[in-house]
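J.: pasting the structure only:
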């Protein structure tokens, strides 16, 4: 099997490492010439995932046409959600009709409020769309530690075929048809993780942390219900919602939680938010319009938006985070 991974950040690189253990021939694409040079010269991605040697089964390229020239059996996209639309527009020119696309991007597009699958299907309507999601830190995958993921898509036969080829001692993947549901938790969990980081940074304790995680899960539930005709409890308490939320909100390996900790410790917002790779900062911009679109309240997420973009004081933010109605 041949797989092309578009995006050679930490997660894309780690996924390439894991899948190469299943004897899959990987083509890894990056727009960053420094990443390409690092992999070609050192056999590792020293920019985003240093100290992990890449398998000879992984071919790294800079041109997107080259990445797709070997007619891969599937494409995996790992770029940030805000970059997803431009990438898909580039893919329109490469004649990849009917090749399954697995999306690992998490979040909401700020300009449209669309989820990743909605962005891709809008631009590439002829490609089968699947979502690969779950609690998954890149460094642990690169260390060959076990990781459980969910693959969501409408075509179960296709999904199960991919699962049978991808699963190994590192990756355990289960199937669900709840394509939208698995993206809902990922859409706002990074914003909630910033709130959790603030609690830890202010040394308010793990009781308070549990409060925020629980209230955050309530917000995910409310958004899930607003986007669904049917209630699927297994999605909410599964890997892509509860699992991913717990992982992101309980460890400093999470960039979003680390960003929140820094805010709590410094009692202020870091001035240049654009230099920090915490996706929750970008996702937070969508919260007011998202709440308005679905007529729901997302008090913790709204508080983080106000803290980052409307100069809400940190003391007030903590009060709102801890005492919002679940």
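T.: Here it is on my side, so go on. Computed from a predicted structure; not experimentally measured.
J.: could you pull out the helices for the stretch 101-250 of the chain?
T.: Using DSSP state H, counting those that start in this stretch, the helices of the stretch 101-250 of the chain run over 116-123, 138-142, 156-166, 181-201, 206-226, 233-236, 244-248.
J.: now, of these, which is deepest in the fold?
T.: With neighbours defined as mean count of other CB atoms under 10 Å, the helices of the stretch 101-250 of the chain peak in mean count at helix 181-201, which reaches a mean of 28. In short, each C-beta sits where N, CA and C put it, glycine included.
J.: Low-confidence ranges, the stretch 201-326 of the chain, go.
T.: Along the stretch 201-326 of the chain, segments meeting pLDDT under 70 span 270-276, 325-326.
J.: do that again at 90, thanks
T.: Confidence mapping of the stretch 201-326 of the chain against pLDDT under 90 gives the ranges 228-232, 267-278, 324-326.
J.: Quickly note the distance from the residue positioned nearest the centre of the chain to residue 313.
T.: By CA atoms, centre = their mean, the chain has its centre lying nearest to residue 106, at 3.3 Å. Distance of residue 106 to residue 313, given as CB to CB, to the nearest Å: 29 Å.
J.: would you turn the helices of the stretch 101-250 of the chain into CSV with distance to residue 174?
T.: Converted to CSV, the helices of the stretch 101-250 of the chain look like this (distance: least, CB to CB, whole Å):
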stretch, distance to residue 174
helix 116-123, 18
helix 138-142, 17
helix 156-166, 8
helix 181-201, 11
helix 206-226, 18
helix 233-236, 10
helix 244-248, 14
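J.: Which of those sits closest to residue 175?
T.: Nearest of the helices of the stretch 101-250 of the chain to residue 175, taken as CB to CB: helix 156-166 at 4.9 Å.
J.: which residues touch that closest one?
T.: 1, 19, 22, 24, 74, 100, 102, 128, 130, 151-153, 173-175, 177 (CB atoms under 8 Å, 6 or more residues apart in numbering).
J.: tell me which of the residues you listed is nearest to residue 215?
T.: residue 152 (25.6 Å).
J.: mind listing what that closest one touches?
T.: With CB under 8 Å, 6+ apart, residue 152 has these contacts: 130-133, 159, 175-179, 181-183, 240.
J.: Please pick the buried ones from those.
T.: 130-133, 159, 176, 178-179, 181-183, 240 (16 or more other CB atoms under 10 Å).
J.: what separates residue 29 from residue 35, distance-wise?
T.: In terms of CB to CB, residue 29 sits 10 Å off from residue 35.
J.: Which residue of the two possesses the greater neighbour count?
T.: A direct count of neighbours by other CB atoms under 10 Å for residue 29 and residue 35 places residue 29 higher, at 27 against 23.
J.: Any idea how many residues pack against the closest residue in space to that one that isn't next to it in sequence?
T.: Nearest non-adjacent residue to residue 29, counting by CB to CB, 6 or more residues apart in numbering: residue 67, 3.8 Å away. Residue 67 has 21 neighbours, counted by other CB under 10 Å.
J.: again with residue 98
T.: 7.
J.: Let me see the contact set for it.
T.: By CB under 8 Å, 6+ apart, residue 98 lies in contact with 126-128.
J.: show me where the stretch 51-200 of the chain has strands.
T.: In the stretch 51-200 of the chain, the segments counted as strands under DSSP state E, counting those that start in this stretch are 58-61, 74-77, 101-103, 129-133, 147-153, 171-176.
J.: Now render those as CSV, adding mean pLDDT and distance to residue 246.
T.: Formatted as CSV, those follow (pLDDT from 0 to 100; distance: least, CB to CB, whole Å):
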stretch, mean pLDDT, distance to residue 246
strand 58-61, 96, 31
strand 74-77, 99, 24
strand 101-103, 99, 22
strand 129-133, 98, 14
strand 147-153, 98, 12
strand 171-176, 98, 17
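J.: Compare the ones you listed and give me the one nearest residue 219.
T.: Minimum separation from residue 219 across these (CB to CB) falls at strand 129-133, 17.8 Å.
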